[in-house]
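> The sequence isn't on hand, but the structure is:
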């Protein structure tokens, strides 16, 4: 597996401003594998402490947070000498809150050591009163594999590299293949274990079996970690996501959660838990597209997408036969899969300040609006090659944006400030709008 985050880890290692690193990301997005590979390739030694499996180590942090004592204890426990050439990895660190706090002292008093901490529910834990080492850590988000990373896994690296050149004459010849690979990615998604399984067997049912197991693991996490007073609400909200996305406007409606009496305040904690665990992306509506976007988000109006397009397909039991039915897959759930894909690509590229826009009457809506540097960019996600964009043109006439993007299966084209970017090239979006 090739992961772009590996390069981020190398930059962290070599940075003069290096601090202990916190990795965020949902369970099974590949955090542990990534750090293990990084440790093996970039360090003379690698020590991993899994706090869910080593409760005894966690208890050691109760008596002190002094890095020298911690290093001594870990050396004794592992029978290994720890030096500045060792990568020390605290895995499932949310199970040991004081280990998170200790990162502050590694930064202040033992900065020569290279320390990475990660946890599947780290985001949840940090909202439950754990003392967070503000300003004393670096952070990095790990997401499901992108379409380009998927191409690497499919041994299509040369084709991926061609996608970085929008004028490449090769692309026209390989468009049919690219669309086929994109359909496959829609179904398989970006969870590393699923991608690995499909890359080895090229069997959709094998991939679906792994997806189903991951979804079951998530539900086991729910039962093991969520307080009883919100557990039932999390289950119902989680199961309602496909229904919500199948609607025409996809706006999240509480009464769709198998409970006609559902109210916003009853589900705020459930939404927060799923968001903090990295399993969902709530995308708020903008009152107007202005900077900073965060100041104009309407907190009570939003859509909810999942973290991975393949898991969304598995959750809805979408049959693998749709892969063979032309471009039907792109239009399933009224285009929800295409929107999910575009959102994932935007988020994975660290365009995390994302919203959507709709006018007051509801007859014009732009799928996503995101902020990059000093630009606010609207983007329409179009299924197939249908380029009608009434809402995007309404947005243009109302707000006169510097740049607009329409992403579909149509070929690349620029018309004034409107960029038509093929879905399979979307990962290069920053190069279009730099």
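Perfect, thanks for sending it. Predicted model only: the values in this text are computed from it and were never measured. Numbers count the residues shown, from 1 in each chain.
> Which elements pack onto the strand or helix carrying residue 232?
Residue 232 is part of helix 228-245, with elements assigned from DSSP states H and E. Using 3 or more CB pairs under 8 Å, 6 or more residues apart in numbering; DSSP states H and E, the elements in contact with helix 228-245 are helix 204-225, helix 264-276, strand 297-306, helix 309-315, helix 328-348. (C-beta placed from N, C-alpha, C; glycine too.)
> can you pull the buried residues of that helix?
The neighbour-count check on helix 228-245 (16 or more other CB atoms under 10 Å) flags 230, 233, 234, 235, 236, 237, 238, 240, 241, 242, 244, 245 as buried.
> which regions of the stretch 101-250 of the chain lie under the pLDDT threshold?
127, 129 (pLDDT under 70).
> Quick one: the helices in it, in order.
Applying DSSP state H, counting those that start in this stretch to the stretch 101-250 of the chain gives helices spanning 122-125, 147-153, 157-162, 170-173, 175-188, 192-201, 204-225, 228-245.
> ok, the residue nearest to residue 118 when sequence neighbours are not counted - contacts?
In space, and not counting its chain neighbours, residue 118 is closest to residue 23: 3.8 Å by CB to CB, 6 or more residues apart in numbering. For residue 23, the contacting residues are 31, 34, 35, 116, 117, 118, 122, 139, 140, 141, 142, by CB atoms under 8 Å, 6 or more residues apart in numbering.
> Make sure residue 23 is indeed in a strand.
Yes: counting by DSSP: H, G, I helix; E, B strand; the rest coil, residue 23 is located in a strand.
> Using TSV, please lay out the contacts of residue 23 together with neighbour count and distance to residue 399.
Converted to TSV, the contacts of residue 23 look like this (neighbours: other CB atoms under 10 Å; distance: CB to CB, whole Å):
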residue	neighbour count	distance to residue 399
31	26	39
34	23	40
35	25	43
116	26	42
117	26	42
118	22	40
122	23	38
139	11	33
140	19	34
141	18	30
142	22	34
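> taking the helices and strands packed on helix 228-245 together, which one is wrapped up most tightly?
Of these, the one with the most neighbours on average (mean count of other CB atoms under 10 Å) is helix 309-315, at a mean of 25.
> For it, name the packing helices and strands.
Using 3+ CB pairs under 8 Å, 6+ apart, helix 309-315 sits against helix 175-188, helix 204-225, helix 228-245, strand 297-306, helix 328-348.
> Would you format the ones you listed as JSON lines with distance to residue 321 included?
Below are the helices and strands packed on helix 309-315 laid out as JSON lines (distance: least, CB to CB, whole Å):
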{"stretch": "helix 175-188", "distance to residue 321": "10"}
{"stretch": "helix 204-225", "distance to residue 321": "9"}
{"stretch": "helix 228-245", "distance to residue 321": "18"}
{"stretch": "strand 297-306", "distance to residue 321": "22"}
{"stretch": "helix 328-348", "distance to residue 321": "9"}
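> re earlier: report the beta-bridge partners for the residue nearest to residue 118.
Note on residue 23: beta-bridge partners by DSSP bridges are residue 118, residue 140.
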